[in-house]
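Chemist: here's my sequence, what's the structure:
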Amino acid sequence: MAKLNKKVQTALNDQLNFEIASGYLYWGMAAYFETLNLPGFAHWMAAQYHEETNVHARKLYAFLNERGARAELQAIEKPPLTWDSPLAAFEAAYAHELKVTDRIYKIADLARQEGDWATVEFLDWFIAEQVEEEKQTDDVVQMLKMAGDKNVNALFVINAKLGERKFG
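Modeler: Just a heads-up that it's a prediction; the model follows:
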């Protein structure tokens, strides 16, 4: 197999690090929810952390290696410590997933422009994955909007539901 195009390699390495940073953001959100005594919310975010780092980042890392490129780790930014509410945290998570989707699309466009069909095919998995990522995050946003800011009973029901999320 031909070596990976340098522009595509750089974009994939940037995405690898963005996935790790995404996991770090979600782990920070898990810590925030722990401070609110919302273990189900924290569990959901911990599962999201696991998915970003142990699934998405690992896939990118492995692909870079398979294509004869080196995975280059970079510094990642410290995530926020708090959000205004559980809804605000999930709205931030949803906005972040939209940003991830946009980045994946741009890498796929670059790979097409560079004629790197192996990377285009590889990114198809990520494109489909982002549909799921956006939907599951927006589902929680919509539940929290329906519950309202002060409905403690609804918050506890949502907390229990989010605690059922499976890892991986």
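Chemist: the helix or strand of the chain at the bottom of the mean pLDDT ranking: which residues count as buried?
Modeler: The helix or strand of the chain with the lowest confidence, counting by mean pLDDT, DSSP states H and E, is helix 152-162 at a mean of 95. Across helix 152-162, burial judged by 16 or more other Cβ atoms under 10 Å covers L155, I158, N159, L162. In this view, the C-beta of every residue, glycine as well, is placed from N, C-alpha and C.
Chemist: from V141, how far off is the third one?
Modeler: Right, N159. Using Cβ to Cβ, to the nearest Å, N159 is found at 15 Å from V141.
Chemist: Q113 too?
Modeler: According to Cβ to Cβ, Q113 stands 34 Å off from V141.
Chemist: please enumerate the helices of this structure.
Modeler: 6-35, 39-50, 58-66, 86-113, 117-147, 152-162 (DSSP state H).
Chemist: quick check: which of the ones you listed is buried the most?
Modeler: Each of those was scored by mean neighbour count; the highest is helix 39-50, a mean of 21, by mean count of other Cβ atoms under 10 Å.
Chemist: so what does that helix touch, helix or strand wise?
Modeler: Applying 3 or more Cβ pairs under 8 Å, 6 or more residues apart in numbering; DSSP states H and E, one finds that helix 39-50 contacts helix 6-35, helix 86-113, helix 152-162.
Chemist: the ones you listed: which one's closest to E129?
Modeler: Distance to E129, taken as Cβ to Cβ, is lowest for helix 86-113 among the helices and strands packed on helix 39-50, at 8.5 Å.
Chemist: any idea how far T10 is from the nearest residue to T101 once chain neighbours are set aside?
Modeler: Spatially, and ignoring its direct neighbours in sequence, T101 is nearest to Q130 (4.2 Å; Cβ to Cβ, 6 or more residues apart in numbering). Distance of Q130 to T10, given as Cβ to Cβ: 21 Å.
Chemist: so who does the closest residue to M29 other than its chain neighbours touch?
Modeler: Nearest non-adjacent residue to M29, counting by Cβ to Cβ, 6+ apart: M45, 4.4 Å away. By Cβ atoms under 8 Å, 6 or more residues apart in numbering, the contact list for M45 reads Y26, W27, M29, A30, F33, A93.
Chemist: and with 10 Å instead?
Modeler: 23, 25-34, 38, 89-90, 93, 162, 165 (Cβ atoms under 10 Å, 6 or more residues apart in numbering).
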